[in-house]
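J.: attaching a predicted model along with its sequence, questions to come.
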Amino acid sequence: MGNGVFQASIRLAAAVLALGSLLVLANACSTLSVVEDSLFSQERVISLEHDGTMRSAVLVFPDGYTDMRRMPVVIDLHGFQENAASEMAMSGMAEAAMELGFLAVFPEGMGGGWNVGPCCGGASQDNVNDLGFLAELIDLLIVEYGADPQRVYVTGFGNGGALALTAGCRLSHKVAGVGAVGASMELTNCRPVKPMPVILFHGDGDAVVPYTGGQSDLLDMEIPSVADVVAYWVARNGGYEAPERIERDGVLRERYVGQDAGSEVMVYTILGGGHSWPGGRASAVNPDEPSTALSAAWTMLEFFSRQPSQ
């Protein structure tokens, strides 16, 4: 897309909306919803046992896929009270990955969420080891499906975005970059073994995960601000404090770079935006209207593609 980060780079938006209507949007207690007629010709549900529990994910192969050739992989984690099927319908990540040559993987959380400390739901209450599940899933993708171990990326929305950022902290030996939409993270116990490319998208009117931090309208917890999360990663990566700034079409882009390879931190602030995935679609759980100024899915994958392999 070249310099299309601020343009309507959602070439398949109409297809996403049409396909999304075929997916089952389940609540937090639902299991993985699998449509009888696959939306993608190269889609497969994969399973693995972790901590005595069967876990699952949907894997979408790009055109020309062969397990004999190492390919980059993006693992996209759904938000709280959502599931793998709704993330596929909402984010547009499968379509972007297919065209840009990534394997796309959509794991299923336990109880409709992911364990990232005090948030959210059953996964947190039951102390589910979701980082361990992600680590095993990455190994399976490398061994069985030809994922390039040097080009594994984790993204997510809301609660899933928080787990993606946590993976950048604690699975940095397996992950080459992370991205999050409408998410924050705990600013403790983060010890990446190398610089970690990070890309963030956040509406400054988000009431679920407040842009300026503080108390969430829906979550009974204090949340670090976007500025705090960005400053944390910039410091971790040894980046420069003064970013490059561009504002266009209701989106503020800030890019922080450092001297080390892989130190880039990028944040897109959706001015007036709520808790939604830019370039995606609203859902029953998250009805805020997404920005159409850019596609978070496309922008993430283009960001990852220009980063050095880990």
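T.: Nice, thanks for sending it over. Residues are numbered from 1 along each chain as shown.
J.: low-confidence ranges, this structure, go.
T.: 1-41, 217-219 (pLDDT under 70).
J.: next SSE after the longest helix belonging to it?
T.: Longest helix in the chain by number of residues (criterion: DSSP state H): helix 130-145. The helix or strand immediately downstream of helix 130-145 is strand 147-157, counting by DSSP states H and E.
J.: parallel or antiparallel, list what pairs with that following strand.
T.: strand 71-77 (parallel), strand 177-181 (parallel) (DSSP bridges).
J.: could I get the buried residue list for that strand?
T.: 147-149, 151-157 (16 or more other C-beta atoms under 10 Å). C-beta here means a position set from N, CA and C on the backbone, and glycine is covered the same way.
J.: helix, strand or coil for residue 262?
T.: coil (DSSP: H, G, I helix; E, B strand; the rest coil).
J.: leaving out the residues flanking it, which one is nearest to it?
T.: Leaving aside its chain neighbours, residue 262 sits nearest to residue 195 (4.3 Å; criterion: C-beta to C-beta, 6 or more residues apart in numbering).
J.: verify the contact between the one you found and residue 256 for me.
T.: No. Contact criterion C-beta atoms under 8 Å: residue 195 and residue 256 do not qualify, at 11.4 Å.
J.: list the helices and strands the one helix or strand residue 55 maps to packs on?
T.: Of the helices and strands defined by DSSP H and E, residue 55 is found in strand 53-60. For strand 53-60, the packing partners by 3 or more C-beta pairs under 8 Å, 6 or more residues apart in numbering; DSSP states H and E come out as strand 43-50, helix 84-91, helix 93-100, strand 103-107, helix 130-145.
J.: figure out which of these is closest to residue 237.
T.: Each of these has some distance to residue 237 by C-beta to C-beta; the shortest is helix 130-145, at 20.7 Å.
J.: phi, psi for residue 297 please.
T.: Per-residue torsions, residue 297: phi -60, psi -50 (degrees, to the nearest 10).
J.: how much space separates it from residue 54?
T.: Applying C-beta to C-beta, to the nearest Å, the value for residue 297 to residue 54 is 28 Å.
J.: these two: which is more packed in?
T.: residue 297 (31 against 8; other C-beta atoms under 10 Å).
J.: isn't the more buried one up against residue 290?
T.: No. Residue 297 is not in contact with residue 290 according to C-beta under 8 Å; the separation is 11.2 Å.
J.: hmm, back to that, return the list of helices and strands in contact with the longest helix of the chain.
T.: Using 3+ C-beta pairs under 8 Å, 6+ apart, helix 130-145 sits against strand 43-50, strand 53-60, strand 71-77, strand 103-107, strand 147-157, helix 159-170.
J.: rerun at 7 Å
T.: Here helix 130-145 touches strand 43-50, strand 53-60, strand 103-107, strand 147-157, helix 159-170, going by 3 or more C-beta pairs under 7 Å, 6 or more residues apart in numbering; DSSP states H and E.
J.: what does the longest one rub up against?
T.: Where contact means C-beta atoms under 7 Å, 6 or more residues apart in numbering, the residues beyond helix 159-170 that reach it are 77-80, 113-114, 116, 119-120, 130-131, 134, 154-156, 175, 178-185, 190-192, 196, 198.
J.: and stretch 263-272, which residues are buried?
T.: Buried residues in stretch 263-272 (16+ other C-beta under 10 Å): 263-270.
J.: er, stretch 163-175 I mean
T.: 163-172, 174-175.
J.: next one: stretch 303-310
T.: 303-304, 307, 310.
J.: and those as CSV, adding secondary structure and distance to residue 284?
T.: Output for the buried residues of stretch 303-310, formatted as CSV (DSSP: H, G, I helix; E, B strand; the rest coil; distance: C-beta to C-beta, whole Å):
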residue, secondary structure, distance to residue 284
303, helix, 29
304, helix, 30
307, coil, 34
310, coil, 37
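J.: got those as JSON lines, with distance to residue 91 columns?
T.: Shown next, in JSON lines, are these (distance: C-beta to C-beta, whole Å):
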{"residue": "303", "distance to residue 91": "15"}
{"residue": "304", "distance to residue 91": "15"}
{"residue": "307", "distance to residue 91": "20"}
{"residue": "310", "distance to residue 91": "23"}
